[in-house]
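Participant: With the input below, show me the fold.
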Amino acid sequence: MLARRRFLPLFITQFLGAMNDNVLKNALVILVIYRLADAAGLNGQILATVAAGIFILPFFLFSATAGQLADRLDKKLMTVAVKASEVVIMLLAIVGFVAESIFLLMTALFLMGVHSTFFGPIKYGILPAHLGRHELLAGNALIEAGTFLAILIGTILGGVLILLDGGVALTTTLMLAVALGGLASSLYIPNAPPPAPDLALDVNLVRATVDLLAGARRTRAIWLSIMAISWFWLVGATFLSQFPAFAKDVLGADEHIVTLFLTVFSVGIGLGSLLCNRLLRGLISATYVPLGALGMAIFGVDLFFASAGLPPRPDRLLTIGEFLAHVWAWRIVIDLLLVAVFGGIYIVPLYAILQSEGEESHRSRLIAANNVVNAAFMVAAALITSVMLALEVTVPQVFLIVSLLNLVALVVICRILPDALVKSMIQAVLRLLYRVEITGIEHARAAGPRVLYVVNHVSFLDGLLLGAFLPEKPTFAINTYTARQWWVRPFLSLVDAFALDPTNPMATKALIRVVQEGRHCVIFPEGRITVTGALMKVYEGPGLVADKAGARIVPVRIDGAQYSPFSRLRGKVRLRWFPKITITLLPPRDFALPADMIGRQRRHAAGVKLYDVMAELMFETCERNQTLFQALLDARAIHGGSRPILEDVERKPISYDRLVLGSFVLGGRLARLAAPGARIGVLLPNSIGAVVVFFALQAFGRVPAMLNFSTGLDSMRAACKAAQIGRVLTSRVFIARAKLERVAAELSRDVELIYLDDLRAEIGLVDKLRGLVMRLFARGVARRSSGNPTSPAVVLFTSGSEGTPKGVALSHSNILANKHQLAARIDYNPTDIVFNALPIFHSFGLTGGLMLPLLSGIRSFLYPSPLHYRIVPELSYDTNATILFGTDTFLTGYARAANPYDFYSVRYVFAGAERVRPETRAIWADKFGLRILEGYGATETSPVLAANTPMHFKAGTVGRLLPGIKYRLDAVPGIETGGKLVVSGPNVMLGYLKVDNPGVVDPPADGWYDTGDIVEIDADGFVTIQGRAKRFAKIAGEMVSLAAVEQQAELAWPGHHHAAVALPDPRKGERVVLVTDNRDATSAAFLAAARERGVAEVMVPRTVVVVDKLPVLGTGKTDYVAVKKLAEEAREVTA
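Facilitator: Sure, this is the predicted structure:
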């Protein structure tokens, strides 16, 4: 804020003004006491008292006029005028100092009092004009801190400089320079147009002052703030005025101790002001005012006891070094510091309330009224202190009396704000134990009068957390049965509770009336504490309340409390006594339902809409601004480093700690192969070794490019060219087992193959020790080396429209976003076990099968091939898998080969990559009692776009779009319902890497990705895929370009015409049929030619249909509609 023009010039101007006030006042007092009084035959102490009165007198005389002018005129112009007058006053003071004229000096002091009287309403009145409401508290904190620092500097300089040789010249030069600096800074203050330009000026000072105070008393909150602020100045003035006598007469210390006390007190006020702003996080609230009053009282009382029973005073005054050599001296200093710190906590929100609650057209007059009352309280403090001292009350006893009176003030404050003290104390305890962090609190006030807080429910602490940290005193809708429990009653005494009987239909109507009255209401839509760790069933009642009451909804997420013993996740997550808890509020939103909906339909719509709000809440509040390696470290911290997290066919589980250690040890070696951000190919199957390699590259900011070894040599070569891959990591054992020796030999002509088997043998003790040290400081290493969240994290490859693979660059935040999108909808938890046979070079296998469980504390079993239909069910049974991923083809194969009990432990079966056929659903339901949760996505979307879930399921669809995804349906000629799906969201890729522009990431236009699929979305949001706009076939989940098949046919049989189409296949979803006019064409011949060129077999057509002539359109292009018909009807020519 200090860097912004709308605040900095004002801060400098007020700082210099406060400093000059005190330079003049203290220089004058010191000069009068030590020189001028004796020369004039006057009493110096009386003159010092007169000086104090002269300075404060203008606040009584002219505050009303100052407030009226500040509301009537432009505050910037008034500030310039006031600062210009300060220059003139300083010139008069200079004459007084040089001439040693008490009259001129007193006149200058009076005029500086007038200057401050007029500047006060401007200073505090201009803040709300230039700062947002959320900045007002911080602005006041800085102003208060700056004011006391300026008082300190001015007091010290004024007292020290004036008695030096040439002190008059030094002091007057300083005062004039400061005045000119204040005038210069005032010129940069932005304009502040007058809120009441037509206000009539009352020149009757007495009547204007009476009216001023009467106007302030009309608003209770404002008047109470003024009285509370004035009490602070009474306490502060009492302490400050007694420092000299306290230091000399009580402590037996010299004048340097007075300076020390002034410094400590001023710094304490500044620290308390800034601390208050940090505690309230910009929220204007009186929550900590009682705590501030209590702190001032406690440490003021302790100051009395600390100064009682001191050792006898020495014959000479103690120096500052001698004073601080005593333990009791430090106790006194700390007491003074803490009195001031709590004073800062006390005063800052009161000024903010005064500014924010007053009408703009009256704001400056309200501040002027505050100045009048402040002055009255300070005069009262001086008079009462003088009387007490005359009655031989000691200075420590004065401090004690004021502190005890502060306790009386605390009682009054607590009667006015009965919840504030308890609330602030509960907040302090919760912050201490759980390091509670609340964000978005400004959304609470911005929501308006009718507000419904909808909150996820994770523990028994939730109500206490919300009651303590939400502003004001919200009403909690609580189940009648729960409200009767003995352990709930203490909490209910702290909040407004509304007992809600779910069996009584009238209860909801009563709650609607409560919200309509303008009260903020808190409700947990799930109706119970989660037992899964994820979002549970959401009831439609809160949505209907918001709809009927015309209320706005503020979604609130509590995170972290689920890891405490007060949750219901014992045995499911690693619990600890004091986990860090965060509370996040999202911006308010309207919750209106269509007017034509009635009855059950309206209830259903309310439930679906509220569920979507809660799902968006869960997604939006997740941490996505980190790298994958940082997310891995977070998972290790949450779930424990020793937790086994991965297993493969070697049956040697690996923990988080071992994975992180392996990543650092191997990553240190791999980092030498390429610069940060460079792409390195990975040619490995599903295994722990592949995961270690993946994260070894991630740990040091290198980008793994996952090569699909099932697509053949040409595709891998093209992939390496598109992504500009110069080195590929692989394994000799894998190459041998997969029978890829020829492919590896050919590929090594284009890129350098680095065998991990050889690299492992080179890793020595030094590498391992370095890895151990890095693991100890893993977060620091990750921050420095693992890249940034928006940079590429991985490159995957998919077929292009012309059959050439394209690289898909996905960022760290892309993958984490998709992981969190799924977590917002699906209730998986660390008790689950994922069986993943989908290769991690596919996006589905990488995000769904690896990243989602690994970063969520879920143990995973990695299997290298999904095609082993008998082995996969057996291993699923052996590992007690609860979550299974697959495609329709693979799931059909497993179902046919498996024993009915092999999947006994499976809770969820997720399918994607191709359409799930009804017969596949039927066999899984009949044989295993499981329904298949079909989803939909693309490599370009990391990959999941939509998914059926246990809570929202509709057979024949691919589920509902995930939270955070925006979409549009572009019209397609010939399609009456639905359209081509185009999506945008945080999971959409960074862009393509293409062969024709190698190494350059080509981002999607405006962040929107064209899926190429024709879809229809129903009223409940379920997506049905009608067909594909682009010419691709999906064979067992593999995307096969029909154009590429035609190209291969042209290479095999040049001079002939060919057209490839896709037809349904009962086993693999789709099959490619080639229609050609070459009478000698056969599938076997095509296969032989393809093998010679290293083309993947998936691109070989299952069927070749021979025709005399291919049908063409009038434009000369192939008529694919007619070709498809020929393929369906013509005789087959097979190998």
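Participant: Surely residue 795 is within a helix?
Facilitator: No. Under DSSP: H, G, I helix; E, B strand; the rest coil, residue 795 sits outside any helix and is assigned strand.
Participant: Cross-check the contact I'm expecting between residue 961 and residue 1018.
Facilitator: No. Applying CB atoms under 8 Å as the test, residue 961 and residue 1018 come out as separate, 11.8 Å apart. For every residue, glycine as well, the C-beta is placed using N, CA and C.
Participant: The two: which is more packed in?
Facilitator: Between residue 961 and residue 1018, counted using other CB atoms under 10 Å, residue 961 has the larger neighbour count: 24 against 11.
Participant: if I pick that one, what's in contact with it?
Facilitator: Neighbour list for residue 961: 945, 946, 967, 983, 1017, 1021, 1023 [criterion: CB atoms under 8 Å, 6 or more residues apart in numbering].
Participant: separation between the last one and residue 249?
Facilitator: Here the distance between residue 1023 and residue 249 works out to 84 Å (CB to CB, to the nearest Å).
Participant: The second one now?
Facilitator: Shown here: residue 946 relative to residue 249, a distance of 81 Å by CB to CB.
Participant: more crowded one of the two?
Facilitator: Neighbours were counted for residue 946 and for residue 249 using other CB under 10 Å; residue 946 has more, 27 against 13.
Participant: The more buried one: helix or strand, and which one exactly?
Facilitator: strand 944-947 (DSSP states H and E).
Participant: Give the next helix or strand downstream of that strand.
Facilitator: Counting by DSSP H and E, the next helix or strand C-terminal to strand 944-947 is strand 960-961.
Participant: What are the buried residues along the longest helix seen in the chain?
Facilitator: Assignment by DSSP state H gives helix 327-357 as the longest helix of the chain. Residues 329, 332-356 are the ones in helix 327-357 that count as buried (16 or more other CB atoms under 10 Å).
Participant: again with stretch 633-641
Facilitator: Judged by neighbour count using 16+ other CB under 10 Å, the buried positions of stretch 633-641 are 633, 635, 636, 638, 639, 640, 641.
Participant: Can you convert these into TSV and add a column each for distance to residue 912 and pLDDT?
Facilitator: Below are those laid out as TSV (distance: CB to CB, whole Å; pLDDT from 0 to 100):
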residue	distance to residue 912	pLDDT
633	29	95
635	24	94
636	29	95
638	28	92
639	26	93
640	31	92
641	32	93
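Participant: any idea which of these is closest to residue 557?
Facilitator: The shortest approach to residue 557 among the buried residues of stretch 633-641 belongs to residue 638, at 16.3 Å (CB to CB).
Participant: what sits against the closest residue to that closest one other than its chain neighbours?
Facilitator: Nearest residue to residue 638 in three dimensions, chain neighbours excluded: residue 857, at 6.5 Å (CB to CB, 6 or more residues apart in numbering). By CB under 8 Å, 6+ apart, residue 857 lies in contact with 573, 574, 635, 638, 639, 643, 645, 829, 830.
Participant: Does residue 857 belong to a helix, a strand or coil?
Facilitator: Per three-state DSSP, the local secondary structure of residue 857 is coil.
Participant: picking that back up, going through the contacts of residue 961, which ones are buried?
Facilitator: The neighbour count (16+ other CB under 10 Å) marks 945, 946, 967, 983, 1017, 1023 as buried among these.
Participant: My read is that residue 751 contacts residue 725, right?
Facilitator: Yes. Applying CB under 8 Å as the test, residue 751 and residue 725 come out as touching, 6.0 Å apart.
Participant: Neighbour count for those two, which is higher?
Facilitator: Counted by other CB under 10 Å, residue 751 and residue 725 do not tie: residue 725 has more neighbours, with 27 against 18.
Participant: so who does that one touch?
Facilitator: Counting by CB under 8 Å, 6+ apart, residue 725 touches 679, 680, 681, 705, 719, 751.
Participant: Now rank those residues by neighbours and give me the top one.
Facilitator: Counting neighbours by other CB under 10 Å, residue 705 leads those with 29 neighbours.
Participant: State the distance from that one to residue 727.
Facilitator: 10 Å.
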